[in-house]
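*Asks:* Fold the following, please.
(one chain, ligands or ions: 1)
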Amino acid sequence: MIIQTALNEGIKKLKANNIRSSLLDCDILMSEALCKTREYIILNSQNNLKQKNFEFFKYLINERAKGKPISYLTKKKFFWKYEFDINENVLIPRPDTELIVEEILKITKNKKSLNILEVGIGSGCILLSILKENYRYVGTGIDISQKCLNTCKNNISKLKIRNKIKLIKSDVDNFNNGKYDLVISNPPYIKKSDLKYLEKDVIDFEPKLALDGGLDGLSEIRKVINKSSDLIKKNGKLVLEIAFNQKFLVKDLLRKKGFYINKVLKDFGDNDRCIVSTKI
Ligand code: GLN
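*Replies:* Now for the predicted structure:
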């Protein structure tokens, strides 16, 4: 079979399963099946496809047809300036979260050194991206999932920043190590009863541990704020990703714990997505 024929079959199958980006997805999955770039696929679409590559392509298409996100099939996702290793134990890095990296770099650009803590580090995309930007920045990442920490460890090696970061398996409640200039967290913040409204690709495949924010969506955010109040140095900053409808509640929680609200950032969809605050 030639590559183009297999691609056409794949597109048909994805379309029949209501996958919106069927063309692009097929190109990506074919490059995955052949271990070649997408440019190669486009330029060589009339080449013959070996049976074993076709079988692998078919497997990937079937998984995608069930809704499995492309990034879990390729096990990679670009975020900020780097390609991160990911798998089903970690949340897929979101483009909206890059806005947080951008903001943090803006607010810290005059700092000579910085000791950063990330609560719920997952794949490491936020903290690792920031650490790569300045050789004087160091960080600690905590997570309750050892599988997340293992994935993060891979990414640390890939980005060659082993000497700048410590990983610790811990819940934020039981973490008492050190004092930080900056605490970052993108905790699970979806209200339990709203989980069912998430897109199928998300709710069927991404880890609930990284999404489920308890009965009011704020149970993890509350823990992060309470504990950060002890872990942050005076005048240190806390940067939190939040749900589109949590701004007022989270501002309230922050003020009660002695934080000054600097800014609420919007995401690409114009939703409130991040709160920057200072411990006073
Ligand atoms: N932003 C994620 C979503 O849209 C949720 C991430 C989280 O709960 N921290 O599904």
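
*Asks:* CA only for contacts and neighbour counts going forward, please
*Replies:* Will do.

*Asks:* What parts of this protein come near the ligand?
*Replies:* Residues of the chain lying near the ligand by Cα under 6 Å from any ligand atom: 186-190, 210-211.

*Asks:* Among these, which pair sits farthest apart?
*Replies:* Asn186 and Ile190 (11.3 Å; Cα to Cα).

*Asks:* what's stretch 166-179 in contact with?
*Replies:* If you take Cα atoms under 8 Å, 6 or more residues apart in numbering as the criterion, stretch 166-179 is touched by 115, 119, 139-146, 149, 153, 223-224, 227, 230-233.

*Asks:* Show me these that map onto helices.
*Replies:* The helices, defined by DSSP state H, take in 146, 149, 153, 223-224, 227, 230-231 from the contacts of stretch 166-179.

*Asks:* Just the buried residues out of those, in PyMOL syntax.
*Replies:* Restricted to buried positions by 16 or more other Cα atoms under 10 Å, the PyMOL selection for these reads:
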select buried, resi 146+149+153+224+227+231
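
*Asks:* Pull the most distant pair out of the ones in helices among the contacts of stretch 166-179.
*Replies:* Most distant of the ones in helices among the contacts of stretch 166-179, by Cα to Cα, are Lys153 and Asp230, 26.7 Å apart.

*Asks:* how does this structure divide into domains?
*Replies:* 3-66, 77-279 (automatic domain parsing).

*Asks:* measure the first one end to end?
*Replies:* If I follow you right, that is domain 3-66. The first and last residues of domain 3-66 sit 22 Å apart, counting by Cα to Cα, to the nearest Å.

*Asks:* Just give me how far it sits from the chain centre.
*Replies:* 26 Å (Cα atoms, centre = their mean, to the nearest Å).

*Asks:* same thing with stretch 148-159?
*Replies:* Centre-to-centre, stretch 148-159 and its host chain are 13 Å apart (Cα atoms, centre = their mean).

*Asks:* Equivalent analysis for stretch 258-266, please.
*Replies:* Offset of stretch 258-266 from its chain centre (Cα atoms, centre = their mean): 22 Å.
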